[in-house]
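Engineer: Got a predicted structure plus its sequence, pasted below:
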Amino acid sequence: MTSQNPVIVLHGGAGNWPTRLHESALNGVRKAANLGFKILLEERSALDAVEAAVVSMEDNPIFNAGIGSTLNLLGEIETDAAIMDGRTLRGGGVALLRNIRNPIKAARIVMEQTDHVLIAGIAAERLALESGLDKGNLSVLRRVQAWKEGLKQLKSKQMKRSSNKTIEIFLGRLSDTVGALALDAGGNLAAADSTGGVSLKLPGRIGDSPILGSGLYADNQSGAATATGIGEQAMRLVICKTACDLMRQETGPSAATDTIRLATKKVGIGLGILTLDRRGRFAAAHNTRHLCWAARTRLTSVEKMWGTRVSK
Ligand code: ASP
């Protein structure tokens, strides 16, 4: 077993965070980072650390994941989540869950207890419940009010349904999906993420978060990455696999900025990414206004509303 210095880096979403929420968001990522790092210090796995960090953020209504998820065009909640093990390249994702309190736990069940990588809808919900996961009412008043407000704005702009254009117009509402990356003492990388998706999305829309390569990726031979922002952009660039491929030659920080530069050029504004390379070097980069993130190593403790902003 290699004795690697453990690292956890995680985010609470890219987008446009209203100033009044900054303190709660930073407290949320701090709490999740402390929890995940403690697990790494106990010499447990990177997978356990990213799962626990994501559970902590799913349980925190400030974030758009688990309790506090955003609503789709019909005012319903449909959550997506995934987890990936960089040692084995195994991964699991769930999509369109409605009432499962911690979607990330369902994703881990898909990875560890099925032969599949992605399960969606009623079948995913059933699998989660049969595996003993808790049901939860994920709706909070703040999101219901935002949904009502969003519908009014859609009507005033005479837009009848959600489209990529609508998502971009509502970039201000795009924030607070969660994701985490970890490197454990054994040198293993893992990634996890969870989201209610973009608000006012069409029912049945699945974003980047449950898709390996797009919302997250982890490979001990290169690095780990997790994305946040407009999922359609992330999927078109397979953005996390792209970042991990860059980490074969580059450091985590340089892969993060190069990936966001490429995204800005190819698909415009709307994304953020965290990277962590196999030597423990990490970064947060984004072309959105904010990216709320935190990191812990034995020497560093960071919580910020911004990473490296790369808008050109
Ligand atoms: N990437 C997520 C999605 O498109 C949303 C986000 O990160 O805010 O579903």
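Structural biologist: Sure thing, it's come through. Residues are numbered from 1 along each chain as shown.

Engineer: And for A227, the neighbour number?
Structural biologist: 39 (other CB atoms under 10 Å). For every residue, glycine as well, the C-beta is placed using N, CA and C.

Engineer: same question, H11
Structural biologist: Neighbours of H11 (other CB under 10 Å): 32.

Engineer: Surely it touches G179?
Structural biologist: Yes. Here H11 lies in contact with G179, judged by CB atoms under 8 Å, at a distance of 5.3 Å.

Engineer: show me the contacts for the residue in the stretch 51-200 of the chain that the ligand sits nearest to.
Structural biologist: At 3.2 Å from the ligand, T177 is the closest residue in the stretch 51-200 of the chain, using CB to the nearest ligand atom. Counting by CB atoms under 8 Å, 6 or more residues apart in numbering, T177 makes contact with 11-14, 63-65, 193-197, 209, 228.

Engineer: likewise S209?
Structural biologist: Contacts of S209 (CB under 8 Å, 6+ apart): 80-82, 93, 177, 179, 193-195, 197, 215-216, 231.

Engineer: hmm, 10 Å instead?
Structural biologist: Taking CB atoms under 10 Å, 6 or more residues apart in numbering, we find S209 in contact with 65, 79-82, 93-95, 103, 107, 177-179, 192-197, 215-216, 226-228, 231, 234-235.

Engineer: Where does it fall, secondary structure wise?
Structural biologist: Using DSSP states H and E, no element contains S209; it sits outside every helix and strand.

Engineer: for the ligand, what are the nearby residues on the stretch 151-300 of the chain?
Structural biologist: Contact residues, the stretch 151-300 of the chain versus the ligand (CB under 6 Å from any ligand atom): 174, 177, 195, 197-198, 207-209, 228-231.

Engineer: could you give the mean pLDDT of the longest strand anywhere in the chain?
Structural biologist: Of all segments of type strand in the chain, defined using DSSP state E, the longest is strand 7-15. Across strand 7-15, the average pLDDT comes to 96.

Engineer: Which neighbouring elements make contact with the helix or strand following that strand?
Structural biologist: Downstream of strand 7-15, the first helix or strand assigned by DSSP H and E is helix 22-41. Judged by 3 or more CB pairs under 10 Å, 6 or more residues apart in numbering; DSSP states H and E, helix 22-41 is in contact with strand 7-15, helix 46-58, strand 178-183, strand 290-296, strand 301-304.

Engineer: Show the average pLDDT along the second one.
Structural biologist: Averaged across helix 46-58, the pLDDT comes to 98.

Engineer: hey, C-alpha coordinates of that helix in CSV?
Structural biologist: In CSV, the C-alpha atoms belonging to helix 46-58 read as follows (Å, rounded to 0.1, in the frame of the first residue of the first chain):
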residue,chain,number,x,y,z
ALA,A,46,-11.8,7.6,-1.1
LEU,A,47,-15.2,6.1,-2.1
ASP,A,48,-16.4,6.2,1.5
ALA,A,49,-15.2,9.8,1.8
VAL,A,50,-16.8,11.1,-1.3
GLU,A,51,-20.1,9.3,-0.5
ALA,A,52,-20.2,10.7,3.0
ALA,A,53,-19.4,14.3,1.8
VAL,A,54,-22.1,14.1,-0.8
VAL,A,55,-24.6,12.7,1.8
SER,A,56,-23.8,15.7,4.0
MET,A,57,-24.6,18.1,1.2
GLU,A,58,-27.7,16.2,0.1
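
Engineer: Just want the angle from it to helix 22-41.
Structural biologist: Calculated by axes from the mean of the first three to the mean of the last three CA atoms, to 10 degrees, helix 46-58 forms an angle of 160 degrees with helix 22-41.

Engineer: In terms of pLDDT, where does S69 sit?
Structural biologist: With respect to pLDDT, S69 scores 96.

Engineer: re the thing from before, listing partners with orientation, what would you give for the longest strand of the chain?
Structural biologist: Partners of strand 7-15 in the sheet, by DSSP bridges, are strand 178-183 (antiparallel), strand 290-296 (antiparallel).

Engineer: Done for today, thanks.
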